[in-house]
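# show me the folded form of this:
(2 chains)
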Amino acid sequence: KQEVTQIPAALSVPEGENLVLNCSFTDSAIYNLQWFRQDPGKGLTSLLLIQSSQREQTSGRLNASLDKSSGRSTLYIAASQPGDSATYLCAVSLSNYGQNFVFGPGTRLSVLP
Amino acid sequence: NAGVTQTPKFRILKIGQSMTLQCAQDMNHNYMYWYRQDPGMGLKLIYYSVGAGITDKGEVPNGYNVSRSTTEDFPLRLELAAPSQTSVYFCASSYSGTGDYEQYFGPGTRLTVT
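The predicted structure is shown next:
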């Protein structure tokens, strides 16, 4: 059974720091991996999606990498800002039929001014 | 586009009551999903649909039912509510045509069963 973990569970950094969030999955047979942001009391906002054939995706200050063989993905946030404070979740898709996703528990990030 | 919308935002139910959580999307997505999120946990898939008239169970379907009569709407029905169904419910949609199934989420419904 696919399991997704995220370390650390919570992270607090001063503004301006570069930081890395980690996502690990137990079964490397994934179709894609998606990173989301969730603000308190809100829904999930898609940040980046990496297909299984890709190694990384970039959007602005965000860079996500994928290493299927080791079952790991990282989300790199450059020059963090207080507005980046949120919970970040990763999810893996298990098939190419788009119906089977497993989510990690999330990392709660606080960026201090 | 409004994206994915959900109603109501909040609801309190008594044990044994029933209710329907509404979900609609205006992006012409063929796939739709219902998840629940418990505190400190990741999202768990309840039901999903790959198109109008087609639904299937996810990881935690017990106590729930769904229907998909149109592409736009995907309501989730709770029958005989139990305290274990206290959770935040999210609806999501995606499009298979791009091949990546990127998911778009609604704002959620916070349900308390007492």
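
# confirm that residue B:23 sits in a strand.
Yes: Residue B:23: assigned to a strand according to DSSP: H, G, I helix; E, B strand; the rest coil.

# tell me what the residue nearest to it when sequence neighbours are not counted is bridged to.
Closest residue in space to residue B:23, ignoring its immediate chain neighbours: residue B:91 at 3.5 Å, by CB to CB, 6 or more residues apart in numbering or on different chains. C-beta: built from backbone N, CA, C; applies to glycine. Legend: beta-bridge partners of residue B:91 under DSSP bridges are residue B:34.

# close enough to count as contact, residue A:39 and residue A:83?
No: using CB atoms under 8 Å, residue A:39 makes no contact with residue A:83, being 9.9 Å away.

# against residue A:86, how distant is the residue nearest to residue B:23?
With the distance defined as CB to CB, to the nearest Å, residue B:91 ends up 20 Å from residue A:86.

# what pairs with the lowest-mean-pLDDT helix or strand in chain A, parallel or antiparallel?
Every helix and strand in chain A was compared by mean pLDDT, DSSP states H and E; the lowest is strand A:101-103, with a mean of 89. Strand A:101-103 has the following strand partners under DSSP bridges: strand A:86-93 (antiparallel).

# can you name the residues in contact with the strand it pairs with?
Strand A:86-93 is contacted from outside by A:2, A:4, A:6, A:21, A:23, A:25, A:30-40, A:44, A:47, A:73, A:75, A:100-109, B:42-43, B:101, B:103, using CB atoms under 8 Å, 6 or more residues apart in numbering or on different chains.

# among the residues you listed, which are in strands?
Those of those mapping onto strands are A:4, A:6, A:21, A:23, A:25, A:32-38, A:44, A:47, A:73, A:75, A:101-103, A:107-109, B:43, per DSSP state E.

# could you check the pLDDT of residue 36?
No chain was given, so I picked chain A. Note for residue A:36: predicted pLDDT of 96.

# oops, wrong one, chain B.
Value for residue B:36, per-residue pLDDT: 97.

# part of a helix, is it?
No: using three-state DSSP, the assignment for residue B:36 is strand, not a helix.

# wait, residue A:61 sits on residue A:78?
Yes: look at residue A:61 against residue A:78 with CB under 8 Å: they come within range, at 4.4 Å.

# can you count the residues close to residue 11?
Looking at chain A here, since you left the chain open. Residues lying near residue A:11 (other CB atoms under 10 Å in any protein chain shown) number 16.

# hmm, no, I was thinking of chain B.
Applying other CB under 10 Å, I find that residue B:11 has 17 neighbouring residues.

# quick one: end-to-end length of stretch A:101-113, please.
35 Å (CA to CA, to the nearest Å).

# in that stretch, what counts as buried?
A:101-109, A:111 (16 or more other CB atoms under 10 Å in any protein chain shown).

# now do stretch B:25-40
Buried residues in stretch B:25-40 (16+ other CB under 10 Å): B:25, B:29-37.

# swap in stretch A:48-56?
Under the neighbour-count criterion of 16+ other CB under 10 Å, stretch A:48-56 has A:48-50 buried.

# just those residues now: which is nearest chain B?
For the buried residues of stretch A:48-56, the closest approach to chain B (CB to the nearest CB) belongs to residue A:49, at 4.9 Å.

# what's near enough to touch that closest one?
Applying CB under 8 Å, 6+ apart, the residues contacting residue A:49 are A:32-35, A:57, B:100, B:102.

# at 10 Å instead, please
For residue A:49, the contact set (CB atoms under 10 Å, 6 or more residues apart in numbering or on different chains) comprises A:32-36, A:57, A:59, A:64, A:91, A:93, B:98, B:100-103.
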